[in-house]
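Participant: My questions are about this predicted structure, shown below with the sequence.
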Amino acid sequence: MTLDQRTIRLPEPHPKQKKIKDEYRRFNVLNAGRRFGKNVLEHDFIVGGVLHGKPMGWGSPTYKNLTEDWRTLGEVLKPVISRINEQDRRIECHTGGVLEMWSLDNIAYDAIRGRAYAGFVINEAAYVKYLMSIWNNVVRPTLIDLKGSALIAGTPNGVNDFATMVNWGNGGQPDWKSWHYTSYDNPYLDPKELDALKYT
């Protein structure tokens, strides 16, 4: 992506990632194995919104979980950043777009209430405690004003709230879409390495 001669670089999506992007609906649930490339899609979702001048939100299970994504997104958006607040995990850009990143741990997520986002990512959703409550009472209301969208991504972790959302996207709810892929669907991974993991 290029903006006023300032270049924003994101990885080129592999075929399965491109298929997901082509099929996006308003609320999207990606149920995928480790190393499939969930973060590539999440970063693309956020950066696309910010470059179009939109307010975007990101939630991870804990602050530790979001640290690497905060660094990566800060580097990607560096050419267009006008202000950055490390403590609040907030980035403002010359485009008018804003990114705010949150921990969804304990009561930290209550600070999200009252925000209005055009898009929201829930990262590692299968490991977010009280995911359904956080979605219904905190995150989903932030998408009302701007008719925002969401990308909810995670690795399978048994029968839980994330599994319920996956089912919504499999046809249970309008405006929802789900995808299920394994680590083997990433063409850049050596299948032999994945095979070896089964015996460690």
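Facilitator: Structure received. Residues are numbered from 1 along each chain as shown.

Participant: And the strands in the protein, which stretches?
Facilitator: In the chain, the segments counted as strands under DSSP state E are 2-3, 6-7, 27-32, 55-60, 81-85, 90-93, 98-103, 119-122, 149-154, 176-181.

Participant: For residue 14, find the nearest of the ones you listed.
Facilitator: strand 176-181 (10.4 Å; C-beta to C-beta). Every residue, glycine included, has its C-beta placed from N, CA and C.

Participant: Just the angle for that closest one relative to strand 149-154, thanks.
Facilitator: Using axes from the mean of the first three to the mean of the last three C-alpha atoms, to 10 degrees, the direction of strand 176-181 lies 30 degrees away from that of strand 149-154.

Participant: Parallel or antiparallel, list what pairs with strand 176-181.
Facilitator: strand 27-32 (parallel) (DSSP bridges).

Participant: Mean neighbour count added to the strands of the chain, as JSON lines?
Facilitator: Putting those into JSON lines (neighbours: other C-beta atoms under 10 Å) gives the following:
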{"stretch": "strand 2-3", "mean neighbour count": "12"}
{"stretch": "strand 6-7", "mean neighbour count": "10"}
{"stretch": "strand 27-32", "mean neighbour count": "24"}
{"stretch": "strand 55-60", "mean neighbour count": "25"}
{"stretch": "strand 81-85", "mean neighbour count": "13"}
{"stretch": "strand 90-93", "mean neighbour count": "20"}
{"stretch": "strand 98-103", "mean neighbour count": "23"}
{"stretch": "strand 119-122", "mean neighbour count": "27"}
{"stretch": "strand 149-154", "mean neighbour count": "24"}
{"stretch": "strand 176-181", "mean neighbour count": "18"}
